[in-house]
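# Have a look; sequence and predicted model below, questions after that.
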Amino acid sequence: MIKNEEKMGFWTYIFLWFGAAISIAEILTGGLIAPLGFKMGLAVILTGHLIGTGIFALGGIIGAREKLPAIASTKISFGLYGTYLFSILNVLQLIGWTAVMIRSGANSINLITQQLWQIDNLFMSSIVIGIFIALWILFGNDGIQKINSIAVILLFLLTLVLGAVIFKDETLFTKIGDGSLSLGGAMELNVVMALSWLPLIADYTRFAKSEREAVWGSFLGYFLGSSWMYIIGFGAAIVSNNPDPSYMMLAANLGIIALGIVLLSTVTTTFLDVYSAGISFLNLANKLSEKNVGVVMAIIGTVVAVAFPMEKYEHFLYAIGSVFAPLFAVVITDYFIVKKSEVSSNILINWGAVLVWVVGIIIYYQFIKFDFILGATVPAMIITGLIYTITWRWISNWKLVIKSQEHYKA
């Protein structure tokens with residue numbers, strides 16, 4: 001966990017978000033883009049990540065300026081009860097991500113242990129990852145930034161080896177798309193991955209030495225790390241028809257090193273999910289311990305990973321986009337265009353903002369059906385923001401307000 005008095009600088013954010021991006025889930029998602037072929041797929045990966053990470057960085061600006069956790073910043077637009085609702089939604093999506101990460105990592109670890117020691121036990125692989133995440137939370141308080149930085153450097157060097165294995169195959173560069181995936185669908189898979197981190201970024205930028213360092217460090221760290229992971233999975237799916245990096249690492253005779261890559265990447269990324277799930281939950285019950293809540297979230301995520309099949313998560317990504325794209329479109333519009341930055345202590349819920357958010361969810365799913373070339377997140381956020389900009393003066397009085405300050409609980 002990060003102490004309030006600790007101030008984070010540019011390189012800390014670079015390592016933090018690069019490390020967050022180095023994950024099996026991002027590699028596997030990159031593999032889904034292979035049907036576009038090499039040239040078009042690469043262009044979509046880079047363009048989608050520029051757009052998605054740009055939106056992600058806007059949330060970081062709010063956190064750095066206002067020193068508010070990501071979900072608490074929604075109080076600016078939606079009021080106290082609004083943050084309670086979004087805290088619940090964020091906890092659910094983070095538990096979902098925790099389960100996806102644990103299950104993806106466990107599948108890869110299980111493949112490696114089968115090859116190395118003939119051990120086939122997916123349940124045990126999931127439990128081991130869950131235990132490591134819980135230990136990271138319990139004992140990672142002091143020096144967590146240094147540990148994370150060392151892990152990221154090691155993982156980056158090992159992914160370079162993995163990249164060399166993929167890109168030495170010249171057939172990669174001549175692959176032509178087969179038409180089974182649309183440009184809009186591929187773009188959305190890139191944008192929405194960055195968007196899934198939007199409810200978390202301010203949890204970290206609020207501890208920044210400066211806004212500039214926090215925003216640029218976060219932007220560059222996630223853009224470079226996530227783009228590289230997507231490209232590895234994308235290339236692997238074209239070359240070997242299987243984006244799971246464990247196959248390639250075993251083929252390269254990395255053995256124990258492969259096991260270390262998977263375990264470290266899963267733990268360092270999933271730590272951010274369970275930590276921010278704990279922060280969001282504390283918005284509902286602020287007397288609990290951050291560390292204890294984080295451990296509980298890790299346990300719940302592990303149970304979900306063991307109990308449910310989490311391998312097919314494209315629809316989970318779309319569900320995240322449908323909820324959080326219009327939500328943060330309202331918050332970003334309120335903060336940067338309407339110029340509302342103060343958290344009012346007497347507003348329980350802003351019904352007008354909630355209505356615009358619901359309209360934004362409907363718009364998102366319409367663009368999913370329409371299969372727009374830029375995906376669904378970008379047009380849904382733009383249209384939701386425009387609706388809010390045009391109507392906010394009219395709907396600003398649609399609020400539930402408490403009459404006495406003494407009833408308000410921050």
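Cool, the structure landed.

# burial of M40, as a residue count?
17 (other C-beta atoms under 10 Å). The way it works is simple: take the backbone N, C-alpha and C, and place the C-beta from them, glycine included.

# Pull the distance from the host helix or strand of it to the chain's centre.
For M40, the host element (DSSP states H and E) is helix 38-66. Offset of helix 38-66 from its chain centre (C-alpha atoms, centre = their mean, to the nearest Å): 12 Å.

# Check which helices and strands the helix or strand just after it sits against.
Next along the chain after helix 38-66, taking DSSP H and E as the criterion, comes helix 70-73. Counting contacts by 3 or more C-beta pairs under 8 Å, 6 or more residues apart in numbering; DSSP states H and E, helix 70-73 packs against helix 38-66, helix 75-117, helix 198-205, helix 256-282.

# taking those together, which one is wrapped up most tightly?
Across the helices and strands packed on helix 70-73, the average number of neighbours (mean count of other C-beta atoms under 10 Å) peaks for helix 198-205, which reaches a mean of 28.

# Which other helices and strands does that helix contact?
helix 10-21, helix 38-66, helix 70-73, helix 75-117, helix 211-240, helix 256-282, helix 314-336.

# Distance to L355 added to the ones you listed, as CSV?
Below are the helices and strands packed on helix 198-205 laid out as CSV (distance: least, C-beta to C-beta, whole Å):
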stretch, distance to L355
helix 10-21, 33
helix 38-66, 22
helix 70-73, 20
helix 75-117, 11
helix 211-240, 31
helix 256-282, 23
helix 314-336, 10
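
# Out of those helices, which gets nearest to I387?
helix 314-336 (8.9 Å; C-beta to C-beta).

# elements contacting that closest one?
Other elements packing on helix 314-336 under the criterion 3+ C-beta pairs under 8 Å, 6+ apart are helix 38-66, helix 75-117, helix 183-195, helix 198-205, helix 351-370, helix 377-395.

# Tell me the buried residues in that helix?
Burial within helix 314-336, assessed by neighbour count using 16 or more other C-beta atoms under 10 Å, is assigned to 316-335.

# what does stretch 281-293 give?
Within stretch 281-293, the residues that count as buried by 16+ other C-beta under 10 Å are 281-283, 290-291, 293.

# Which residues does that stretch contact?
For stretch 281-293, contacts defined as C-beta atoms under 8 Å, 6 or more residues apart in numbering pick out 1, 69, 71-72, 83-84, 87-88, 91, 137-138, 141, 275, 277-279, 297.

# Could you report the separation of the residue nearest in space to the middle of the chain from S23?
For the chain, W197 is the residue whose C-alpha lies nearest the centre (C-alpha atoms, centre = their mean; 3.0 Å). As for W197, its distance to S23 is 11 Å (criterion: C-beta to C-beta, to the nearest Å).

# By average pLDDT, which secondary structure element in the chain comes out worst?
Counting by mean pLDDT, DSSP states H and E, the chain has its least confident helix or strand at strand 399-401, which shows a mean of 64.

# circling back: quick one, which of the helices and strands packed on helix 70-73 is nearest to N397?
helix 75-117 (13.0 Å).

# next helix or strand past that closest one?
Counting by DSSP H and E, the element after helix 75-117 in chain order, helix or strand, is helix 122-139.
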